[in-house]
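> I'll drop the sequence and a predicted model, then ask my questions.
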Amino acid sequence: MSLPEAYQYEIQALNRQVLQTCPSDILQFCADFFNSRLASERAASISIFRDRGTPSPRFSPSPTSNFAMMSSQFSSPFGANANPFGGNTSPMASNVMHRVVEEDENDHLAPGAPLFSGAFGGDASTEAPPTLRAPPTTDSYPAQYNFSRRTSVSAESLKPSADSYDNWTPPFTEKTPEQVERLKHAIEGNFLFSHLDDEQSAQILGALVEKPIPARGIKVISQGDAGDYFYVVERGSFDVYVNPCGFIEPGPDGLGSKVSTIQAGGSFGELALMYNAPRAATIISAEGSCTLWALDRVTFRRILMESTFARRRMYESFLEEVPILSSLTPYERSKISDALETQKFAPGDVIIHEGDPGHSFYLLESGEADAFKGTEKVLSYKKGDFFGELALLNDAPRAASVVASTDVKVATLGKNAFQRLLGPVEGLLRRTRYQGVKTGVEEMDPLQQE
Amino acid sequence: MAATVAETQPATPALSIGMASPHQLHAGSAPSTDSAPAPLPPTRSFKLSDFNRVRTLGTGTFARVCLVRPASATKPLEEEKNPEVYALKILKKTEVIKLKQIDHVRNERAILADVAGHPFITNLLGSFSDNESLYMLLDYVPGGELFSYLRKYRRFDEQVARFYAAEIVLVLEFLHERQGGVAYRDLKPENLLLDQDGHIKLVDFGFAKRLGYKDDRPVETYTLCGTPEYLAPEVIHNKGHTTAVDWWALGILIYEFLTGYPPFWHQNPIEIYKQIVEKPVVFPQEPTISDEAKDIIKSFCTIDRSRRLGNISGGAGRVKAHPFFNGVSWDDILSRRQRGPIIPPLRYPGDAQCFDMYPEEDGTRIPYTADMANRYDRYFEDF
């Protein structure tokens, strides 16, 4: 199989550029390269359209060519202004805005485009209001960017049950191990699920509800309707129809055209897991006896929220117990809770090596671990214990090794992250003598040794 | 007395501004539908018949903002040298209930009362309600949306972007650090108006929330809200979010100022979210963006909140010290010493030509029934 010629041409051009410039940020350089290629290629194709007297394909049917005229009308307000930055008084009029390069200065307003063409025709003002504008010209713009106002979105307000004193447990529907495996596989690639931890995944998988679709031709989702559920296809297949008007119209072709088919293992309706937005397509069963699994938004978001909330509170309460952190304010502890990262270890895994420089500290979230000096076991840790915290003060070598004795989950934070969040440690951490607070890894605050 | 110059205090006596911190009472525990709402700080009382509508200035999913004049005014608006004009935000109770926005509307009203008087925030003059609607009376900010200017000019050069960004930094510093952790949560060019001197006014506090403290710790919040292109990754992933979301959004905003479009966009919102959580911000070759601008955008748009500028130690102070703001005199910005880079073309003080036209009424009206009044009026009665 050979690569397309056009592709090889672009890649070779890119190779030459990379060799010539030796960029330090390769990804940025490649992105810039392709953006620039795209822009010049599209600009060329637009001028072809223009020559044929056809409007630009990307912003049609709106007129695209009256921008320059208005832009020049509007340039006057800038001349009068002093530069608000520093003492630089260079006239802003010349460079304050990027002038639009327009091929045709004599283009006139297309009929019917701006509402305002007559509103101030007889007025003394020579300045056009910002309402008088047209879709921008296309050069160096991304294709198909929608330039209109963007609507805010909002989901139901959610509060952790610990705050509202109701006892919420996620809904649970029994499934066979094979079903769980299939569902897991179906959602694991989805960005809304890929960051979940095991516990959250298990709860989500448990909460999916079976929806048998007994016959062919049943509408599961109607375009334009409110969306509350996400679906995974367990068995059968579903056709996707999109009507460009945004909803189902009456009549035989009201569904619009079929754009794809979703097979077993596929899923649809994920936007509904974020907020209630009108469905973007109609989904219809394409065969008899299909099976779907459904998950509603509030359950999904609540599972995520409750576990995140519980974990944060757990971290905060653990952190309160760490002596060198005891002088932090609750706000500072909360910031640290935000930044803690979870790591997992299997029994026998070494979490900290004796003699290594210390960079991070650890909270034991679940499981058990032991500290060894050489081969001698000096201490055992259980849930809520912490170790390696003196690494936040210095880079002294670890005084002991810590080895997981069961499956272990730790929350960890490096000295760098700590300093980024809270500033220099010296003024923050309590400098009490660490004698008698044996953590096994460091026995004494080294800053107090003098 | 003119309300067109936003920093001018209205002739009417000062409202609840500066009253003994009533928000402390409800800090961190926004009223929810299952408990009695915390009382809203009082404002001066008005009624709808005090005003005549001139025209609509903007519409949202459940709100409409109208330019209004006192009912007593008789002279044509364009002949008034010092017209008394206001922006009246009207929210239909039925829509607020249907869209489950009661908490948000109460937050908006409470926070606007608390922050009134800030030079870069729209000033709440009063609020009231009748059987069908809730009303917030605001200073009229005549320059229209920065969105309109940005789309018209396509993009701003760095001097211009820096000026607006600097004013926004001061607003965020004020909300986050001097107001006990108010997250704004809907930063975008559509929500920034220009006053007659070209300065920013932040409007629409519909998603603003006082995060506050509970049991002596700051409270994160979990309700997804904002605008798709401007949502922070932690909001998309429902990890619980804080004021750090506003710094992320400021990074997106500066990018959009400089290029004319946001870094993450797609026809399909789910694709936007996928990009936000998976893709780094990349810059186009055209226009040329300075290294300082690229750096501040990347520093704001950092997924890891322990690395995000504005959220790391130093807070807004660290933002102000960023090289992108080199040469900016922050005192001059705060005191509005110079006019902005764009002066709105106003023909007369009450002019509304900088606002787009909207259909005046959609006609569809869902009645606010006695049953609804029975269930929900307790959330509105102190509005």
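Sure, I can see it.

> What are the structural domain limits within chain B?
B:48-142+B:348-375, B:145-335 (the TED database).

> Do the first one and chain A come into contact?
Looking back up the chat, that one is domain B:48-142+B:348-375. Yes: against chain A, domain B:48-142+B:348-375 shows contacts by CB under 8 Å from any CB of the partner chain at B:60-61, B:99-101, B:103-104, B:353-357. In short, each C-beta sits where N, CA and C put it, glycine included.

> if we can go back for a sec, of the domains of chain B, which is nearest A:Ser317?
For those, the distance to A:Ser317 is smallest for domain B:145-335, at 10.3 Å, taking CB to CB.

> ranges for the helices of the stretch 101-250 of chain A?
Shown for the stretch 101-250 of chain A, the helices assigned by DSSP state H, counting those that start in this stretch span residues A:161-164, A:177-188, A:198-207.

> pLDDT below threshold where in the stretch 201-350 of chain B?
B:213-218 (pLDDT under 70).

> which residues touch B:Asp114?
The contact partners of B:Asp114, taken as CB atoms under 8 Å, 6 or more residues apart in numbering or on different chains, are B:23, B:41, B:179, B:182, B:210.

> still on that earlier bit, give me whichever of the helices of the stretch 101-250 of chain A is most buried.
Most buried of those, by mean neighbour count (mean count of other CB atoms under 10 Å in any protein chain shown): helix A:198-207, with a mean of 18.

> where do the strands sit along the stretch 101-250 of chain A?
A:153-154, A:209-213, A:219-221, A:229-235, A:238-242 (DSSP state E, counting those that start in this stretch).

> oh, I was asking about chain B
B:51-59, B:63-70, B:86-92, B:124-129, B:133-139, B:182-183, B:192-194, B:200-202, B:209-210, B:213-214, B:217-218, B:225-226 (DSSP state E).

> So which elements touch the first one?
Think strand B:51-59. Contacting strand B:51-59 under the criterion 3 or more CB pairs under 8 Å, 6 or more residues apart in numbering or on different chains; DSSP states H and E are the following elements: strand B:63-70, strand B:86-92.

> can you put the ones you listed in a markdown table and add mean neighbour count, mean pLDDT and distance to A:Leu379?
Below are the helices and strands packed on strand B:51-59 laid out as a markdown table (neighbours: other CB atoms under 10 Å in any protein chain shown; pLDDT from 0 to 100; distance: least, CB to CB, whole Å):
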| stretch | mean neighbour count | mean pLDDT | distance to A:Leu379 |
| --- | --- | --- | --- |
| strand B:63-70 | 21 | 94 | 61 |
| strand B:86-92 | 23 | 95 | 61 |
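
> is it possible to export these to a markdown table including distance to A:Tyr275?
Putting the helices and strands packed on strand B:51-59 into a markdown table (distance: least, CB to CB, whole Å) gives the following:
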| stretch | distance to A:Tyr275 |
| --- | --- |
| strand B:63-70 | 18 |
| strand B:86-92 | 19 |
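
> Quick one: name the residues of the stretch 151-300 of chain A near chain B.
Residues of the stretch 151-300 of chain A that fall close to chain B, judged by CB under 8 Å from any CB: A:151-160, A:163-164, A:191-192, A:195, A:270-271, A:274-275, A:277, A:280.

> hmm, back to that, out of the residues of domain B:48-142+B:348-375 next to chain A, which end up buried?
B:60, B:99, B:101, B:103-104, B:353-356 (16 or more other CB atoms under 10 Å in any protein chain shown).

> quick one: average confidence on stretch B:189-197?
For stretch B:189-197, the mean pLDDT works out to 97.

> Endpoint to endpoint, that stretch covers what distance?
17 Å (CA to CA, to the nearest Å).

> contacting residues around it?
Against stretch B:189-197 from outside (CB under 8 Å, 6+ apart): A:149-150, B:4-7, B:122, B:141-147, B:149-150, B:164, B:168, B:200-204, B:227, B:253, B:256-257, B:336, B:339-340, B:342-344, B:346, B:349, B:354.

> show me the contacts for A:Arg149.
By CB under 8 Å, 6+ apart, the residues touching A:Arg149 are B:147, B:190.

> Among the buried ones among the residues of domain B:48-142+B:348-375 next to chain A, list the two that are farthest apart in space.
Within these, B:Asp103 and B:Gln353 form the most distant pair, 36.0 Å apart (CB to CB).

> Now do the helices in chain B.
B:23-26, B:93-98, B:102-115, B:146-153, B:158-173, B:233-236, B:244-259, B:269-278, B:291-300, B:315-320, B:330-334, B:370-380 (DSSP state H).
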